[in-house]
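Asker: Curious how this folds, go ahead:
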Amino acid sequence: MNSDIPAYSRNAGRAGAPSDLLAPVALSKELFVGRSPTPKEVAALAGAGFRSIINNRPDGEKDSPMTSAETEAAAGEQGLTYRHIPVEGRNPLEKDVRGFAEALSTLPQPIYACCRSGGRSASLWALASVRELTTAELIRICADAGFDLSWLEAKMDMRREQLQDGNDD
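Answerer: Numbering: from 1, shown residues only. Model prediction:
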C-alpha cells in the first residue's frame, strides 16, 4: 500500500462519524474498511494498491456518494474487482455474512469494504472471521479501529458454534 490514502486517524472514518477524509482502517492485512468513496477516491484506492472493493451499502441510502452501478463502473475503470453485498441496518443476516466471507476468500487483495462509516463492513468481517479469531480478539480489533462490536458478542459465539457443529448450510 502506498501513501496515496492517508493513514487512519482517530477522528476520521469512525463509526457514526463520517468524515471528508477517506481513511481506510485495517482490520487485517487483507481487509480495510471505511466510508463509501467518491469516483476520485476510487482512483486513489487503486493508486494506493487496493485490488477490490466490497460495497455494503444498499442503493438509495441517504448521503451515498454513488449507486452500486456507479461504484462498480468507477472500480472497473480503475481495474478493481467489485462486489455488492448490501446490508440493511447494523445487524447483518447470515446470507450477507456468507457472501462477505466468500468475497474475502476469492477477491484480489487487499480489499476495501465500505458502507456509511465502515461499521457494517466491520460487523460482516467479524462475523465472517469467527473460525480464525476468538470473539474477544474480533471485538478488540474492531474497537481499536473505532468500531464497538461488543453488542455482536453473542451472535459471533453462536455462529462459531454452528460452524463447528457443521450447521453451515
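
Asker: what about the nearest residue to Arg131 once chain neighbours are set aside, distance to Arg90?
Answerer: Spatial nearest neighbour of Arg131, excluding adjacent residues (CB to CB, 6 or more residues apart in numbering): Leu163 at 6.0 Å. Yep, even glycine has a C-beta here, placed from its N, CA and C like the rest. Separation of Leu163 from Arg90 (CB to CB, to the nearest Å): 22 Å.

Asker: burial count for Gly60?
Answerer: For Gly60, the count of nearby residues is 9 (other CB atoms under 10 Å).

Asker: Just say helix, strand or coil for it.
Answerer: Assigned by DSSP: H, G, I helix; E, B strand; the rest coil, the conformation of Gly60 is coil.

Asker: from now on call the first residue 16
Answerer: Shifting the count to begin at 16 puts that one at Gly75.

Asker: can you pull the contacts of it?
Answerer: By CB atoms under 8 Å, 6 or more residues apart in numbering, the contact set of Gly75 is empty.

Asker: residues in contact with Arg131?
Answerer: With contacts defined as CB under 8 Å, 6+ apart, Arg131 is in contact with Pro33, Arg50, Ser51, Arg72, Glu76, Asp78, Ser79.

Asker: pLDDT at the third one, what is it?
Answerer: Just to be clear, that refers to Ser51. Predicted confidence (pLDDT) for Ser51: 95.

Asker: Quick one: the strands in this protein, in order.
Answerer: 40-41, 46-50, 67-70, 96-99, 126-130 (DSSP state E).

Asker: Adjacent strands (with direction) for the last one?
Answerer: Strand 126-130 has these partner strands in its sheet, going by DSSP bridges: strand 46-50 (parallel), strand 67-70 (parallel).

Asker: sorry, back to before: from the contacts of Arg131, which would you call buried?
Answerer: Pro33, Arg50, Ser51, Arg72, Ser79 (16 or more other CB atoms under 10 Å).

Asker: Among these, which pair sits farthest apart?
Answerer: Pro33 and Arg72 (11.8 Å; CB to CB).

Asker: where in the protein is pLDDT low?
Answerer: Residue ranges of the chain with pLDDT under 70: 16-35, 182-184.

Asker: For it, which segments are assigned as helices?
Answerer: Using DSSP state H, the helices found in the chain span residues 54-62, 83-92, 109-121, 134-143, 150-159, 168-179.
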